[in-house]
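Q: next input, structure requested:
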Amino acid sequence: MVSIDFVPVGDLGNANDQPDSNGLEFGRVDYNYNIAKYETTNSQYVEFLNGVAKTDPHGLFNPGMQYDKLMNGIIRTGEDGNYRYSLLDSASTNKPVTYVSFFDAIRFANWMNNGQGNGSTENGAYLITTAELVGATRENNVITYKAKGYLDLTPGDQAQLSGLTGNGFEARSTIRSVDKRRGYTYFTIETNNSRNGTATGKGTLTAIHATHESGAKYWIPTENEWYKAAYYNPELNKGKGGYYDWATQSDSVPGNTIGDLPKQANIRTATRFANSEFFPKPDPLIGPNMLTPVGSFRKSASYYGTFDQDGNVTEWNESIYDPSAAFGD
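A: Have a look, this model is predicted:
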């Protein structure tokens, strides 16, 4: 069974951080929550794959997990229907898993909600809807898609559309409106393609709700949940609270020495990486592996006790910044 260590995040009603360069403010959370202490590891993801991906129609395994020597850690063997997954070596056990798409993370969260094992990946924290597209029209920068059946779609859901015959109808975007009639669901998205047109043939819709279900036990953090856990400290500014620039409880750029020094992270410095010299230049074909086991910088946790929110690998959150960049991009 996959066991995830959590840390509690309290201090309700904290103010947002200062606006970023786009004028966006983050960090305020008005409820208590728990967040994973560490990044999801290769060993945890291997258990997920062995539970649900003996066949892998959703592409939960990416070949880069095996062959990119800068960040690999998982091997797939066998044939479709009897795939098996294992760790590359013992050093891979607690390194963070890589090549995980937003949909992979969604399905992992669903699997955790459904008791692991061979639990469903298609519902739980997030409902994933798949359906057949039978046509689409584009007019005045809006595409209207036609899908079979009455689908559980709502405005704000994120949709991926593919397979129709016609130029400019492959899309990832946020659903703008939904209408159900005569056995079909019609839904619209905005597009930057100003040319009117029609698509025919058969295609595929894959959609997820914009946020996790209210009763979910596990979910991908929102931007505010992630940001607060990384940077907030209620003791700053004489007890009024405030934010660090880095998730190592520091406003200065971290070093990258593994061990017990404070304010360290797996980031590149001017001369070296955390576990190799800068030269020769790292290469995906020859390595070396650039990742560090989660929690390697033992004295560099955030105020709430999370590790590696700076450095190591990029992490997903469920918040949408740009409606045309779906699935967490």
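Q: next, count neighbours for the nearest residue to residue 106 once chain neighbours are set aside.
A: If the residues on either side of it in the chain are set aside, residue 106 comes closest to residue 126, at 5.0 Å by CB to CB, 6 or more residues apart in numbering. The C-beta positions use only the backbone N, C-alpha and C, and glycine is treated the same way. Look at residue 126: counted by other CB atoms under 10 Å, it has 25 neighbours.
Q: tell me how far residue 126 lies from residue 283.
A: When distance is defined by CB to CB, to the nearest Å, residue 126 is 37 Å away from residue 283.
Q: for residue 144, same thing?
A: In this structure, residue 144 and residue 283 are 47 Å apart, going by CB to CB.
Q: the two - which one has more neighbours?
A: Set residue 144 next to residue 283 and count neighbours by other CB under 10 Å: residue 144 wins out with 16 against 10.
Q: each with direction, which strands does the helix or strand that contains the more buried one pair with?
A: When secondary structure is defined using DSSP states H and E, the element that contains residue 144 is strand 142-148. Strands flanking strand 142-148 in the sheet, each with its direction: strand 128-139 (antiparallel), strand 184-190 (antiparallel) (DSSP bridges).
Q: buried deepest among those, which one?
A: With neighbours defined as mean count of other CB atoms under 10 Å, those peak in mean count at strand 184-190, which reaches a mean of 20.
Q: report the distance from the very next helix or strand once past that strand to the chain centre.
A: Using DSSP H and E, the helix or strand that follows strand 184-190 towards the C-terminus is strand 197-199. With CA atoms, centre = their mean, to the nearest Å as the basis, strand 197-199 stands 33 Å off its chain's centre.
Q: same check on stretch 199-214?
A: Between the centre of stretch 199-214 and the centre of its chain there are 17 Å (CA atoms, centre = their mean).
Q: buried residues in it?
A: Taking 16 or more other CB atoms under 10 Å as the neighbour-count basis, stretch 199-214 is seen to contain the buried residues 199, 203, 205-212.
Q: closest one to residue 315 out of these, please.
A: Using CB to CB, residue 212 is the member of those that sits closest to residue 315, with 16.0 Å.
Q: unless I'm mixing things up, that closest one is touching residue 318, no?
A: Yes - look at residue 212 against residue 318 with CB atoms under 8 Å: they come within range, at 6.6 Å.
Q: so what sits against both of those two?
A: The contact sets of residue 212 and residue 318 overlap at 219-220 (CB atoms under 8 Å, 6 or more residues apart in numbering).
Q: what sits up against the worst-scoring helix or strand of the chain on mean pLDDT?
A: Taking mean pLDDT, DSSP states H and E as the measure, the helices and strands of the chain show their lowest mean at strand 276-277, namely a mean of 79. Contact partners of strand 276-277, identified using CB under 8 Å, 6+ apart, comprise 271, 282, 288, 290.
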